[in-house]
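S.K.: Need a 3D model of the sequence below.
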Amino acid sequence: MSAQHPLFPGNAPDVEAAFQAVPDEMVAEILDGELFTFPRPARPHTRTASRLGRRLGPFDDDPGEPGGWVILDEPELHLGPGPDKVVPDLAGWRRERMPDALGPDDAPAHYDIAPDWVCEVISPGTERVDRGKKMRIYRREGVRHAWLINPVAQTLEVYRLDDGRWSLLDTHEGDEAVRAEPFDALELPLAALWAR
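M.R.: Down below sits the predicted model:
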């Protein structure tokens, strides 16, 4: 790991160069100034994230109820002074915090506004980083809600940021139908997330 120079914040040039050189078939993130690479998600992971995004569709720009959100699949987030370059499986912003999800024609591909909600679909290869470094970055940046989903164990953990600390609100499992913050306006049938 390359250390940052105390007078020149930012990721070390060799870390940034390595980040840019990661092949497209890998997911690259810079967390606490260190490069992490992971293979593209396995099928259960991809299927669960895709089905969750579809289920949350009524929140994303729906002119009716419940509406009021921008929800994106795998956005690249640049957060903090490094910046940390994080790629959650799903992220959501309250519409008032991101009134224009596209931005100007010359907008970069990444977003530098911390989301209001993130979802990480955890796997054995990513769980340590998802639960550790990434949750600390989300906490530091004031992300209000986080979900950790394990498609193999068929669990959904729902967290809320309270006074700078993560509070585990509930762990749902199996085929429950749940109402989970911040999307508790609609019932979410967990069985739909595990469907083959």
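
S.K.: in the protein, which spans are strands?
M.R.: 26-31, 34-39, 69-73, 77-79, 84-86, 90-94, 117-121, 145-150, 155-162, 165-173, 177-178, 188-189 (DSSP state E).

S.K.: How far off centre is the second one?
M.R.: Here strand 34-39 shows a centroid-to-chain-centroid distance of 15 Å under the convention CA atoms, centre = their mean, to the nearest Å.

S.K.: Average pLDDT for it, rounded please.
M.R.: Computed over strand 34-39, the mean pLDDT rounds to 93.

S.K.: List the contacts of the longest helix along the chain.
M.R.: Looking across the chain with DSSP state H, the single longest helix is helix 43-55. Here helix 43-55 makes contact (CB atoms under 8 Å, 6 or more residues apart in numbering) with 41, 71, 73, 89-90, 119, 121, 123, 149, 151-152, 186, 188, 192-196. From N, CA and C alone the C-beta is placed, and that goes for glycine too.

S.K.: Leaving out sequence neighbours, find the closest residue to residue 147.
M.R.: Excluding the flanking residues, the one nearest residue 147 by CB to CB, 6 or more residues apart in numbering is residue 119, at 4.3 Å.

S.K.: Kindly report the same for residue 48.
M.R.: Excluding the flanking residues, the one nearest residue 48 by CB to CB, 6+ apart is residue 151, at 4.0 Å.

S.K.: What sits closest to the residue nearest to the spatial centre of the chain if chain neighbours are left out?
M.R.: By CA atoms, centre = their mean, the chain has its centre lying nearest to residue 88, at 2.6 Å. In this structure, residue 88 finds its nearest non-sequential neighbour in residue 118, 4.2 Å apart by CB to CB, 6+ apart.

S.K.: Tell me the bridge partners for the one you found.
M.R.: Judged by DSSP bridges, the bridge partners of residue 118 are residue 91, residue 146.

S.K.: just for this protein, where's the confidence low?
M.R.: For the chain, the stretches with pLDDT under 70 are 1-9, 62-64.

S.K.: picking up where we left off before, I'd guessed the residue nearest to residue 88 sits against residue 93; true?
M.R.: No. Here residue 118 lies out of contact with residue 93, judged by CB atoms under 8 Å, at a distance of 10.4 Å.

S.K.: Done for today, thanks.
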